[in-house]
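Engineer: Fold the following for me, if possible:
(chains A and B)
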Amino acid sequence: LAKTTQPISMDSYEGQEVNITCSHNNIATNDYITWYQQFPSQGPRFIIQGYKTKVTNEVASLFIPADRKSSTLSLPRVSLSDTAVYYCLVVDNQAGTALIFGKGTTLSVSS
Amino acid sequence: DAGITQSPRHKVTETGTPVTLRCHQTENHRYMYWYRQDPGHGLRLIHYSYGVKDTDKGEVSDGYSVSRSKTEDFLLTLESATSSQTSVYFCAISESGGASYEQYFGPGTRLTVT
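Structural biologist: This next block holds a predicted model:
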């Protein structure tokens, strides 16, 4: 199965930009890379997805290089409410229906 | 928020007993998923369904079975619960499969097997 690697944790201060990178190999060539956010005692929530290059929405940007072996979630000017766990989601290259979540990165934002 | 409910929300059971968790949706989405979440492992797919009576295995399907007799309901059964199945279980739904379609998650079920 595809393997993903994310940092276990990151610390930041309010107002800073935070970049979280997920490394992934053996992912499907024809599917998106997606990121989710999870708060304690809740299910994950969709943040952003992309196929290649850069995608931006109202809350984040996603950078995907041409080889698609990694993706970087960028959170501009974080606030205390961005404290959460962030997961990347990819699809396995061999088992095209296999959804693989990363183990998650715990982001702690301080004032 | 997407209309997804899970029941029960919390359950404590003994090793060897059967357990069924229910996921109910009101969105009429075709795909439904069961994940388990454990510290250090993130979310792992157990089983998923792509239509009524159509199901397939995920990464960690051993010891679990599923059924989907109606579009809105997806059941996860632990035939004989073991302590290793103590976990938080999340149901999710999406319009279609793959990572391209946003998944909406339920609130989770915390299962403890003693």
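
Engineer: any chance you could map the strands in chain A?
Structural biologist: Taking DSSP state E to define them, one finds strands in chain A at A:3-5, A:9-13, A:18-25, A:33-38, A:45-50, A:53-56, A:61-64, A:70-75, A:84-91, A:99-101, A:105-110.

Engineer: B:Leu43: neighbouring residues, count only.
Structural biologist: The burial count assigned to B:Leu43 is 28, neighbours taken as other C-beta atoms under 10 Å in any protein chain shown. (Glycine included, C-beta is placed from N, CA and C.)

Engineer: That one against B:Gln37, yeah?
Structural biologist: Yes. If you go by C-beta atoms under 8 Å, B:Leu43 and B:Gln37 touch, sitting 5.2 Å apart.

Engineer: what sits in contact with each of these two?
Structural biologist: Common contacts of B:Leu43 and B:Gln37 (C-beta atoms under 8 Å, 6 or more residues apart in numbering or on different chains): B:Phe90.

Engineer: Flag the shaky bits of the chain, pLDDT-wise.
Structural biologist: Went with chain A since none was named. For chain A, residues meeting the criterion pLDDT under 70 lie at A:93, A:95-97.

Engineer: oops, chain B please
Structural biologist: In chain B (pLDDT under 70), the answer is B:1-2.

Engineer: all helices of it, in order?
Structural biologist: Read by DSSP state H, chain B holds no helices at all.

Engineer: which residues sit in contact with the spatially most central residue of chain B?
Structural biologist: The centroid of chain B falls nearest to B:Trp34 when counting by C-alpha atoms, centre = their mean (2.6 Å). When contacts are counted by C-beta under 8 Å, 6+ apart, B:Trp34 touches B:21, B:23, B:45-48, B:58, B:64, B:66, B:74, B:76, B:89-91.
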